[in-house]
Every structure is written in C-alpha cells, then in structure tokens.
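**Q** Below are the sequence and a predicted model for it; my questions follow.
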Amino acid sequence: MKSIRIWALLAPIAFVGSAAYAAADINGTWTTSFDSQVGQQTYTYTFKVEGGALTGHAKSNVGEGDIKGTVADDKVTFVENLDYQGQALAITYTGTIVSADEIKFSRDVAGQGGESFTATRQK
C-alpha cells in the first residue's frame, strides 16, 4: 500500500522532468526576421544537440557561419562565428525555449549590443 502511495506522489514529478527534457529538443531548422543596426535581417539556424552540446549553422542575408554552444533545461546559449563581408564577427546568443516551436533570443554583436527576437521551428 505504501509503495502505491509513493508512486502516486512521484509520478507527477517524473512527468514534469520528462516535459522539461522534451522541451530541450531543439534539433532541426529554425527561422526568424528582425530589424538591426544594418537593416532587416532574415536568419535560418540549423541546430544539432547531443548531450547538451549545441552545434550547427546560421545563415542570414548578411552572411553565415558555424555555431557552437549549450542547451540546459530551457536555456540555450551559443556563439555564431559570422563571416560579415570578409570580417570575422562573434555574435553571442542567449535564449529561453518557450515551447517546442518557439525560442526567445537576445544577442550581442561583438560586445556592441544587439537585438531580441523570437525564432520558430520549421516543419
């Protein structure tokens, strides 16, 4: 009888934990568009997560580059190494996974500030 009660108490906790894990599955293609200091930018990100390590590629109308970062629970952080008109430019992103199809990001362009935007999963 006690084991049934304990399981009844632990089951909701197990479910919440699995929901948090599922929320961190951001593998795939994501897109966004936002205004910046250099005008309107349209981005496509390709994310691959393995064991919390994030790799992938970012491509925009102003350049493209590889990305490397981490995913932990609902937090995403990465650096995009953008080739902008032949110049290497590091852009740091921090994000929160809002749902399976939405991530809210802020980014900092080479320590000079940046933008906030929402990326959506492409299906």
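**A** Ah, there it is. Keep in mind it's a predicted model, so treat the numbers as computed, not measured.
**Q** going forward, measure contacts and count neighbours with C-alpha atoms only.
**A** Noted.
**Q** tell me the contacts of the residue nearest to the spatial centre of the chain?
**A** For the chain, the residue nearest the mean C-alpha position is residue 76 (4.5 Å; C-alpha atoms, centre = their mean). Residue 76 makes contact with 69, 70, 93, 94, 95, 96, 97, according to C-alpha atoms under 8 Å, 6 or more residues apart in numbering.
**Q** Assign the third one to helix, strand or coil.
**A** Yep, that's residue 93 we're talking about. The three-state label given to residue 93 by DSSP: H, G, I helix; E, B strand; the rest coil is strand.
**Q** same thing with the first one?
**A** Secondary structure, three-state DSSP: residue 69 is strand.
**Q** Find the nearest non-adjacent residue to it, please.
**A** residue 78 (3.8 Å; C-alpha to C-alpha, 6 or more residues apart in numbering).
**Q** give the contact list for that neighbour.
**A** Here residue 78 is in contact with 54, 67, 68, 69, 70, 92, 93, 94 (C-alpha under 8 Å, 6+ apart).
**Q** can you list those residues in CSV and add pLDDT?
**A** Formatted as CSV, those follow (pLDDT from 0 to 100):
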residue, pLDDT
54, 97
67, 97
68, 98
69, 98
70, 97
92, 98
93, 98
94, 98
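**Q** need the strands for this protein, in chain order.
**A** Ranges of strands in the chain, per DSSP state E, are 28-36, 39-50, 53-60, 63-72, 75-84, 87-99, 102-109, 116-121.
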